[in-house]
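S.K.: The sequence and its predicted three-dimensional model are supplied below.
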Amino acid sequence: MNNTVFKLSILLESGLLKSHYTSDILEGFGPAEWVPRLIEKDLVKHKDRNFYKALARLYGLEYVTQIQTPLNPKEAIAYRVPTQVLIESQLYPFEINGRLFIASSTPFIEKALLDNVLSFTGRAGYRIILTSQNQVRKALQTLYYIEFSVVAQNNLRYSKNELSASPPVIALSAKIVTLSGFAIIILAYIFPNSLLLVVFFIINLLYLYLNALRFATFIVAIVRPDKTSLIVTKREVRELSDSSLPRYTILVPLRFEAEIAGRLVKRLVALDYPKSKLEVLFLVGVDDEQTIATLQEYGVDRDDPTGRYNNLNHMTIVKVPKVQIDTKPLVCNYGLQYATGNFTVIYDAEDKPEVDQLKKAVVGFQASALNTICLQGKLNFYNIHWNVLTRLFSLEYGMWYGYFLPGLQALGSPIPLGGTSNHFVTNALRNAGEWDPYNVTEDADLGMRIYRSGHQTRILNTFTYEEATSTLGAWIKQRSRWEKGFLATLIVHVQHPIQLYHELGAKKFILGITIFFGNFYMPFINPLLWVLTILWLLHIFSFGTLPTYIWIPAVVNLVVGNSIHMIMHFMSAIRSKQYTLAPLVLIVPLYWILISIATYRSCWELLFRPYQWVKTAHGADR
């Protein structure tokens, strides 16, 4: 397909009428620009507002309003054609009375592509049928409905079972945790004094190491900012040519988000990226009729021949079937199979990404090493000042994305991804095994698998603003899910430590294990250390009765460790110019108590409800 026809076909697929054209859009079209003028004349002549019908008349093609699909997808002749061929070409072959028809939303189709499709059907001839882009999408979704749901749930489990948190792994871990607990109780009863000394020494030694690592990431992030984040300037973004931009897919998993779906559509429309090279897939449960209806109300997936919703033709609803497990990673896996973009990014329902984020990611990938397959955007909140909890939450995010993750990048460590604004090279993501549907902190786990496959992640200097959980109950449930996922991820990746060591190397092995272990260990151990400190203050317990090599590290952890963490939170507030948050560092220890409560809850959930996904309610954007 030559460049002129290719450009024109993009405009035709978008459904734009001539009244929407401008000279800059038509620039470079040459002799082909008469086509939209003819379409406009045809619409006036027939007193019709149906763009695709007029386009079919112009090219002498048959037009249909709906594609009939068989009840059993495997009986469809389209099922013989390789999945990716139909998904990427947006073609749907079907037969009536033994005759082959190929449905398309544009008459401009490469002959080589048509011949390729034809070769799999076993038919000698075909006829092009024109229909709306929406109808082709619906037919393809019907065709792959069952197949994609099976793949979404089992791809990683069957291809790389040792990296999946599937039932055998979690069941075994539960037994190990339970037996270890009983063993410690029995040993403590038999050897109370000796065991106490050993346990307390190990606890403090590990805690000292974790504090040292946190402090190291903090120092590196300050001293070596050139190593901590991938900096893309506004000038580099402006110098990008739209014609050179790759195709981009946005996956948006939604679950009962009807209240904020309208705002989400507007935010995604506002992104600075050519619509002809962008596809937005809203991944909605088939039973979530309210969210689907709301999206359609705002113009997504509406067969509107008048052209009112032409600017939303790059958006579509993908209805996700109900299967055995109900998690966000499964939904993302299902949607990824429909992705046609060179790059793929995840946004949550409440997200408000910076408008130039996609272009920044393109520049970032161009400037990165070939083994960089993921760019992690930075996250923070737009409802920071809602209450004390949201303020403390923002302080933590500022420290995490401002110092800790950038510091890990500078140290060459695996990076646990956040749940949103992860930009991937699409094919590399598929080769890495996609997301683990059995892990409720799927992106953190994927971050580790990226490094195990020999690739890397970099932090990108762009922000996505989320909605901070503003109620205590919802916050505890959300954090419990995160901690449960971190522990499950640790269990999965240490199953075969020698293999993990060989894949990562010594430094990344130590750092990777430390991150996931430390994120769970510190809030789990904190209550024990707090109780001992209180007993010491009340003179019920004396550190002087312990050997020097035990009580000195304990005091260092108490004084120096807590001070370092509070300084890091303070600096994150100053660095982000959220000066009103700075005084709250004095009550950050109270926030740590909440994290510990959520951590203990996560232990119970891992044993008895390892795959339950507790959804976080949204809608505080006022």
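M.R.: Okay, I see it.

S.K.: CA only for contacts and neighbour counts going forward, please
M.R.: Noted.

S.K.: And Leu581, how close does it get to Asn562?
M.R.: 18 Å (CA to CA, to the nearest Å).

S.K.: In terms of packing, which of the two has more residues around it?
M.R.: Between Leu581 and Asn562, counting by other CA atoms under 10 Å, Leu581 is the more crowded of the two (21 against 15).

S.K.: pLDDT score for the more buried one?
M.R.: On pLDDT, Leu581 comes in at 92.

S.K.: didn't it look like it was pressed against Ala573?
M.R.: Yes. The pair Leu581 / Ala573 is scored as a contact, 5.9 Å apart, by CA atoms under 8 Å.

S.K.: helix, strand or coil for Asn557?
M.R.: helix (DSSP: H, G, I helix; E, B strand; the rest coil).

S.K.: can you pull the contacts of it?
M.R.: Applying CA atoms under 8 Å, 6 or more residues apart in numbering, we find Asn557 in contact with Asn204, Tyr207, Leu208, Asn211.

S.K.: tell me the contacts of the second one?
M.R.: So the one you mean is Tyr207. By CA under 8 Å, 6+ apart, Tyr207 lies in contact with Met522, Asn557.

S.K.: measure it to Leu446 for me?
M.R.: 26 Å.

S.K.: same question, the first one
M.R.: Per CA to CA, Asn204 is found 30 Å from Leu446.

S.K.: Over to His493?
M.R.: Distance, His493 to Leu446, by CA to CA: 11 Å.

S.K.: Return the list of helices and strands in contact with the helix or strand hosting Cys374.
M.R.: Using DSSP states H and E, the element containing Cys374 is strand 372-381. Helices and strands touching strand 372-381, by 3 or more CA pairs under 8 Å, 6 or more residues apart in numbering; DSSP states H and E, are helix 357-367, helix 388-399, strand 422-425, strand 456-466.

S.K.: Report the central residue of this structure.
M.R.: Nearest to the mean C-alpha position of the chain, by CA atoms, centre = their mean, lies Ile346 at 3.7 Å.

S.K.: Kindly confirm whether my reading is correct that that one touches Val252.
M.R.: Yes. Ile346 lies in contact with Val252 (CA under 8 Å); the separation is 6.1 Å.

S.K.: quick one: contacts of stretch 149-156?
M.R.: 163-164, 320-321, 323, 325, 330-331, 333-334, 433-437.

S.K.: The same query, at a cut-off of 10 Å, please.
M.R.: 144, 148, 157-158, 160-166, 320-327, 329-337, 430, 432-438 (CA atoms under 10 Å, 6 or more residues apart in numbering).

S.K.: do the same with stretch 71-84
M.R.: 69-70, 86, 90-95, 100, 102, 116-123, 139-140, 142-147, 337-340.

S.K.: Recalculate using a threshold of 7 Å.
M.R.: Pro70, Tyr92, Pro93, Phe94, Val117, Phe120, Thr121, Leu143 (CA atoms under 7 Å, 6 or more residues apart in numbering).

S.K.: Equivalent analysis for stretch 263-274, please.
M.R.: Asp242, Ala349, Glu350, Lys352, Val355, Asp356, Lys359.

S.K.: now, among those, which is nearest to Gly505?
M.R.: Lys359 (33.5 Å; CA to CA).

S.K.: Next, the contact list for that closest one, please.
M.R.: Val237, Tyr273 are the contacts of Lys359 under CA under 7 Å, 6+ apart.

S.K.: Local confidence estimate at it?
M.R.: For Lys359, the model assigns a pLDDT of 97.

S.K.: next one: Ala188
M.R.: In this prediction Ala188 is given a pLDDT of 64.

S.K.: shaky segments in the stretch 251-400 of the chain?
M.R.: 303-311 (pLDDT under 70).

S.K.: same deal with the chain?
M.R.: 1-49, 169-175, 177-179, 181-182, 184-185, 188-189, 191-194, 303-311, 541-546, 618-622.

S.K.: For it, just list every one of the strands.
M.R.: Remark: strands assigned in the chain by DSSP state E are 62-63, 92-96, 99-104, 127-130, 248-254, 278-285, 315-320, 343-346, 352-353, 372-381, 422-425, 456-466.

S.K.: Arg235: which of those is closest?
M.R.: Comparing the strands of the chain under CA to CA, the one sitting nearest is strand 456-466, at 13.9 Å.

S.K.: which residues sit against the closest one?
M.R.: Counting by CA under 7 Å, 6+ apart, 229-232, 350-354, 357, 371-382, 406, 409, 415, 421, 450 sit against strand 456-466.

S.K.: do that again at 6 Å, thanks
M.R.: Contact with strand 456-466 is made by 229-231, 350-353, 372, 374-382, as judged by CA atoms under 6 Å, 6 or more residues apart in numbering.

S.K.: before we move on, back to that, ok, the contacts of stretch 263-274 vs Leu538, which is closest?
M.R.: Glu350 (47.0 Å).

S.K.: Specify the angle between the strand holding Cys374 and helix 357-367 in degrees.
M.R.: 150 degrees (axes from the mean of the first three to the mean of the last three CA atoms, to 10 degrees).

S.K.: Would you mind writing the CA trace of strand 372-381 as CSV?
M.R.: Provided in CSV are the C-alpha atoms of strand 372-381 (Å, rounded to 0.1, in the frame of the first residue of the first chain):
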residue,chain,number,x,y,z
THR,A,372,14.8,-2.2,27.7
ILE,A,373,11.3,-3.5,27.3
CYS,A,374,9.5,-1.5,30.0
LEU,A,375,9.3,2.1,31.1
GLN,A,376,7.7,2.8,34.4
GLY,A,377,6.0,6.1,34.8
LYS,A,378,5.9,7.8,38.2
LEU,A,379,2.7,7.8,40.2
ASN,A,380,1.1,10.2,42.7
PHE,A,381,-2.3,11.4,43.6
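
S.K.: and that strand, how far from the chain's centre?
M.R.: Here strand 372-381 is found 10 Å from its chain centre; the criterion is CA atoms, centre = their mean, to the nearest Å.

S.K.: For the closest residue to Ala165 other than its chain neighbours, the count of nearby residues, please.
M.R.: Nearest residue to Ala165, sequence neighbours excluded (CA to CA, 6 or more residues apart in numbering): Tyr438, at 5.4 Å. For Tyr438, the neighbour count with other CA under 10 Å is 28.

S.K.: Can you give me the distance of Tyr438 to Asp326?
M.R.: With CA to CA as the criterion, Tyr438 and Asp326 are 9 Å apart.

S.K.: Could you find the closest non-adjacent residue to Lys291?
M.R.: One thing to correct before we go on: residue 291 is Thr, not Lys. Thr291's closest residue in space is Ala258 (CA to CA, 6+ apart), at 4.2 Å.

S.K.: Hmm, that neighbour is touching Glu289, no?
M.R.: No. Ala258 sits out of contact with Glu289 when judged by CA atoms under 6 Å, with a separation of 9.1 Å.

S.K.: Settle it for me: which of these two has more neighbours?
M.R.: Ala258 (19 against 13).

S.K.: give the contact list for that one.
M.R.: Gln290, Thr291, Thr294 are the contacts of Ala258 under CA under 6 Å, 6+ apart.

S.K.: so how far is Phe520 from the residue lying closest to the first one once chain neighbours are set aside?
M.R.: Closest residue to Gln290 in three dimensions, ignoring its sequence neighbours and counting by CA to CA, 6+ apart: Ala258, at 6.0 Å. From Ala258 across to Phe520, the span is 34 Å (CA to CA).

S.K.: tally of neighbours for the spatially closest residue to His493 that is not a sequence neighbour?
M.R.: Counting by CA to CA, 6+ apart, the nearest residue to His493 once its immediate chain neighbours are dropped is Leu163, at 6.7 Å. When neighbours are defined as other CA under 10 Å, Leu163 has 23 of them.

S.K.: One more: His539?
M.R.: 10.

S.K.: Roughly how far does it sit from Thr533?
M.R.: Taking CA to CA, one finds His539 at 10 Å from Thr533.

S.K.: With Thr69 instead?
M.R.: From Thr69 over to Thr533 (counting by CA to CA), the distance is 69 Å.

S.K.: Lovely, talk soon.
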